[in-house]
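Chemist: below are the sequence and a predicted model for it; my questions follow.
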Amino acid sequence: MMSLSHVQARLLIILGLMIIGISVSACAELAPQEPTEAVVATLAATTTSQPTNIPTTTAAPTLSPTSTPSPTPTLTPSSTTSPTPTDVPTSTATPTPTDAPPSAPTPGPTPDGVVRTLRVPILMYHYISEPPAGSHSYRVGNSLSPETFATHLDYLQDEGYTTVPLKDLISHLVTGRPDLPEKPIVLTFDDGYEDNYLNALPALAERGMIGTFFIITDFADQAETDETYTNYANWEQLKEMAATGMEIGSHSRNHPNLAGKDLDYLVWQALGSQEAIEANIGDHPHILSYPAGSYDQLVIDVFRSAHFWGAVTTKQGVTQSSAGDDPFELKRVRISNTTGVPQLEALLNYEWPE
Ligand SMILES: [Zn+2]
């Protein structure tokens, strides 16, 4: 059962982006003030006419071949421009005060404005299995054997690390709560492979450890029916993982590069993946891993408006912060097929450039 219709959710996101647009403009002026007429006119223009094809949850939206702005791989604090009018699709439905608010997803923790900077490693795993003979180099490079994975977990426990869910880390960064253990660590797994269920889950569960699994929701659908996707965990398996205490987050619907995409497409990816997880697992997900590490400012704004609390990137590092957009630019440490315990130890103790 969906708690929120797509139209209602789209309106919420557009409203959210309007608020972001207003606050960005206020920040730019240094002194908070009413939005200027020009801003109001721009925002009004964004909500007055309907896009001709609204993406639905059943078919991939067709992207115009001309919409290929170059993605900005590195965001700087000064690059927080609101989307230009040409980037913003339009919509006929003008939200009115009489619109009954839909049963909105849980909003994120309210930031208390304190800038917290913590050294918390977030490890990035993919496959936990031996690659079949003749596998592609991507498969080989991103695979860790179950035996080596177990040695990682034992090492982390011996060193006094405690696994925490990513949403606890984000909440702690922006609100100071909940308290984190002395040596927190987050174990993330991208792509939702079936070997995560078969091999990572039991190894984590028997040690009382928590993993954070970022799943591609269309692939989880297809894992049930389509031969091509049988190496992805299906919903039954994912549900069992969640019931065992594992954290499930979004890795989008179908793993596109998100940078440079337009608002409709991003809303489709954000809400579609969120609704699929909620419908199948029962938990409303608040965390995201950018597919292929690809994102830009609009991606951050849309997912934040859809009540995501934060996101992990593929940028390397262990220093996490609550400042600005930093909760949507969390750094990770990449684990590859050559990461044994000595290499893991070196990565954890490395002084990563900030
Ligand atoms: Zn991925």
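Modeler: Ah, there it is. Residues are numbered from 1 along each chain as shown.

Chemist: what does the chain put close to the ion?
Modeler: Near the ion, the residues belonging to the chain are 190-191 when assessed by Cβ under 5 Å from the ion. The way it works is simple: take the backbone N, C-alpha and C, and place the C-beta from them, glycine included.

Chemist: domains of the chain?
Modeler: Domain assignment for the chain by automatic domain parsing gives 1-53+83-93, 117-349.

Chemist: between those, which has the poorest mean confidence score?
Modeler: Comparing mean pLDDT over the domains of the chain, the weakest stretch is domain 1-53+83-93, at a mean of 42.

Chemist: ranges for the strands of the protein?
Modeler: 117-119, 122-125, 127-128, 143-144, 162-163, 184-191, 212-215, 247-250, 287-289, 310-316, 319-321, 330-334 (DSSP state E).

Chemist: got those strands as JSON lines, with distance to Leu258 columns?
Modeler: Converted to JSON lines, the strands of the chain look like this (distance: least, Cβ to Cβ, whole Å):
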{"stretch": "strand 117-119", "distance to Leu258": "26"}
{"stretch": "strand 122-125", "distance to Leu258": "17"}
{"stretch": "strand 127-128", "distance to Leu258": "22"}
{"stretch": "strand 143-144", "distance to Leu258": "25"}
{"stretch": "strand 162-163", "distance to Leu258": "27"}
{"stretch": "strand 184-191", "distance to Leu258": "14"}
{"stretch": "strand 212-215", "distance to Leu258": "13"}
{"stretch": "strand 247-250", "distance to Leu258": "11"}
{"stretch": "strand 287-289", "distance to Leu258": "9"}
{"stretch": "strand 310-316", "distance to Leu258": "10"}
{"stretch": "strand 319-321", "distance to Leu258": "21"}
{"stretch": "strand 330-334", "distance to Leu258": "16"}
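
Chemist: can you count the residues close to Pro131?
Modeler: Here the number of neighbours of Pro131 (other Cβ atoms under 10 Å) works out to 17.

Chemist: relative to the ion, how far out is the closest residue to Thr110 other than its chain neighbours?
Modeler: The shortest distance from Thr110 to any residue other than its chain neighbours is 6.9 Å, reached at Thr175 (Cβ to Cβ, 6 or more residues apart in numbering). For Thr175, the distance to the ion equals 29 Å [Cβ to the ion, to the nearest Å].

Chemist: show the end-to-end separation of stretch 294-314, please.
Modeler: With Cα to Cα, to the nearest Å as the measure, the ends of stretch 294-314 fall 8 Å from one another.

Chemist: which positions in it come out as buried?
Modeler: Judged by neighbour count (16 or more other Cβ atoms under 10 Å), stretch 294-314 contains these buried residues: 294-314.

Chemist: show me what contacts the closest residue to the ion within the stretch 201-350 of the chain?
Modeler: Of all residues in the stretch 201-350 of the chain, Pro291 sits closest to the ion, at 5.0 Å by Cβ to the ion. For Pro291, the contact set (Cβ atoms under 8 Å, 6 or more residues apart in numbering) comprises 216, 251-252, 255-258.
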